[in-house]
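# please work out how this folds:
(one chain, ligands or ions: 2)
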Amino acid sequence: MKRFLKAVLLGALPFCLCSCGRQELRHVQSVDTAMGTVIQQNIYTAGGDCTDGIMELIRNLEERTLSWRLETSELYRINQAAGSREGIVLTEEMAAVLGRCLELTEASEGAFDVTVGPVARLWDIDGWAAGSRTGEFEPPSQEAVDGALDLCGVSRLRMTAGPDAGGEEGTVRLYAEAGTELDLGAVGKGLALTHILEYLESDPDVTGATVSVGGSVLTYGSRPDRAPWQVGIADPDHSSDNLGILSLEGQWCISTSGDYERFAEAGGVRYHHILDPATGRPADSGLSSVTVLTKDGMLGDALSTACFVLGREKGMELAQRYGAEALFVDKSGEIFMTPGMEPLFRRTP
Ligand code: ADP
Ligand code: MG
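Ligands and ions are numbered 1, 2, ... in the order given. All right, here's what the predicted structure looks like:
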């Protein structure tokens with residue numbers, strides 16, 4: 001659990017009332033778990049406690065939309081429909097999410113690919129890291145990896161829209177070849193931030209907030225003292241410590257993908273959960289972590305995964321093409337940043 005608490009939100013005060021202008025603000029905080037990770041909320045509001053509402057929203061997103069494991073989710077039904085001749089009609093949100101994911105697959109030359117499901121299930125690093133597997137972890141054989149890779153790739157998907165999808169304007173239908181398994185693990189937390197942002201924006205009492213969903217953090221509005229938000233970036237070598245702090249004004253999404261987040265070990269080798277779709281193995285691009293700064297949560301989450309797989313040079317290029325700022329930590333601990341990130345980052349002494 002402690003490992004997941006990497007995004008330490010500094011400046012958090014215990015529950016309090018503070019006077020800001022004429023408005024009495026409450027500072028409400030909560031730490032809970034959902035989506036297999038820790039959710040930390042830190043909200044300034046002139047109204048009631050909205051932390052339970054935000055937890056419900058995250059759990060709904062997982063249960064109804066994103067989980068590959070739960071039979072209640074749309075993604076589960078999509079995976080079940082793989083191989084069927086009639087395909088499956090997507091909800092508007094899923095059509096938009098998958099559309100953006102496919103665009104990112106193209107932009108990242110396949111480094112980001114939500115069809116990695118069969119390879120991700122084969123390694124099951126998430127299961128080993130969560131302690132839900134018993135016995136000794138062993139990396140799968142090359143033969144097994146090759147077999148799983150045969151079931152991956154966006155060329156196995158086809159989307160049709162409108163009358164072609166057998167519906168009205170706006171209807172989108174997905175056809176996937178048999179054996180295809182989509183996995184939205186690389187964008188789920190970022191997508192949660194997008195939903196949380198909408199929720200906060202719809203509550204006129206909330207004046208500022210930071211919410212972290214595992215390695216993805218949302219900042220919103222401002223602190224009562226008008227100081228910038230301070231978001232810690234974990235040190236990949238000691239993930240309970242911060243490598244440095246980002247100082248940010250207003251609304252941002254900060255997403256980190258790292259080899260220290262979820263991993264299993266065998267024979268002294270660490271196998272982490274970010275897979276290179278080109279090899280079917282944990283990505284080995286010389287990086288320990290990538291942090292991406294964007295306005296949009298889902299984009300940042302997808303980019304952090306893509307940049308991790310691509311490595312520093314190509315990752316830097318991709319981030320900048322999307323107008324995102326990025327910070328790379330390589331395996332020797334050296335830090336590289338896009339120019340726009342530099343004035344925002346302060347290294348821990
Ligand atoms: P975290 O889940 O720790 O925030 P990421 O956002 O980097 O980390 O997502 C990793 C998850 O995404 C994996 O657990 C797996 O389910 C899925 N995944 C792994 N490799 C890729 C990839 N190359 N492209 C898309 N999804 C991936
Ligand atoms: Mg990601």
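# the stretch 151-300 of the chain: strands as residue ranges?
157-161, 172-176, 206-213, 216-221, 229-235, 238-248, 252-258, 263-266, 269-272, 275-276, 281-282, 287-294 (DSSP state E, counting those that start in this stretch).
# the last one: partners in the sheet, and parallel or antiparallel?
In this case it means strand 287-294. Within its sheet, strand 287-294 is paired with strand 252-258 (antiparallel), strand 325-330 (antiparallel), according to DSSP bridges.
# next, the angle from the longest one to strand 238-248.
Read it as strand 252-258. On the basis of axes from the mean of the first three to the mean of the last three CA atoms, to 10 degrees, strand 252-258 is oriented at 160 degrees to strand 238-248.
# what do you get for the last one?
Between the direction of strand 325-330 and that of strand 238-248, the angle (the same axes, to 10 degrees) works out to 160 degrees.
# list the neighbouring strands of the helix or strand that contains Leu25 plus their orientation.
Assigning secondary structure by DSSP states H and E places Leu25 in strand 23-34. Counting by DSSP bridges, the strands paired with strand 23-34 are strand 16-20 (antiparallel), strand 37-45 (antiparallel).
# can you list contacts of the longest helix along the chain?
Scanning the chain for the helix with the most residues, using DSSP state H, yields helix 92-107. The contact list for helix 92-107 (CB atoms under 8 Å, 6 or more residues apart in numbering) reads 65, 74-75, 78, 90, 112-114, 154, 157, 159, 161, 170, 172, 174, 182, 184, 187, 191, 298-299, 302-303, 306, 318, 321-322. For every residue, glycine as well, the C-beta is placed using N, CA and C.
# out of the strands paired with strand 287-294, which is the most enclosed?
Using mean count of other CB atoms under 10 Å, the stretch among the strands paired with strand 287-294 with the largest mean neighbour count is strand 252-258, at a mean of 27.
# state the mean pLDDT of it.
Mean pLDDT, strand 252-258: 97.
# do stretch 70-86 as well
Average pLDDT, stretch 70-86: 98.
# what's it in contact with?
Stretch 70-86 is contacted by residues 62-69, 87-88, 90-91, 94, 117, 174, 176-182, 184 when judged by CB under 8 Å, 6+ apart.
# in it, what counts as buried?
For stretch 70-86, a neighbour-count test (16 or more other CB atoms under 10 Å) marks 73-76, 78-79, 81-82 as buried.
# what's the neighbour count on the closest residue to ligand 2 within the stretch 101-250 of the chain?
Nearest residue of the stretch 101-250 of the chain to ligand 2, counting by CB to the ion: Ala186, 4.1 Å away. When neighbours are defined as other CB atoms under 10 Å, Ala186 has 28 of them.
# repeat that for Arg100.
Neighbourhood size, Arg100 [other CB under 10 Å]: 16.
# now the closest residue to Leu218 other than its chain neighbours: how far from Pro277?
Closest residue to Leu218 apart from its sequence neighbours, by CB to CB, 6 or more residues apart in numbering: Leu193 at 4.4 Å. Here the criterion is CB to CB, to the nearest Å. By it, Leu193 lies 24 Å from Pro277.
# neighbour-wise, which of these two wins?
Leu193 (28 against 23).
# so which strand or helix has Pro118?
Following DSSP H and E, one finds Pro118 within helix 117-123.
# that helix and ligand 1, are they touching?
Yes. Applying CB under 6 Å from any ligand atom, one finds helix 117-123 touching ligand 1 at Ala120.
# burial count for Gln29?
17.
# swap in Ile88?
Ile88 has 18 neighbouring residues, counting by other CB under 10 Å.
# need the contact list for it.
Residues in contact with Ile88 (CB under 8 Å, 6+ apart) are 77-78, 81, 173-174.
# related to what we said a few turns ago, and the strands paired with strand 23-34, which one averages the lowest pLDDT?
strand 16-20 (a mean of 49).
# residues of the stretch 1-150 of the chain that sit close to ligand 1?
Proximity of the stretch 1-150 of the chain to ligand 1 (CB under 6 Å from any ligand atom) is limited to residues 111-114, 116, 120, 126.
# need phi/psi at Cys50.
Main-chain torsions, Cys50, degrees, to the nearest 10: phi -100, psi 10.
# that one against Asp203, yeah?
Yes. Using CB atoms under 8 Å, Cys50 and Asp203 qualify as a contacting pair, with a distance of 6.0 Å.
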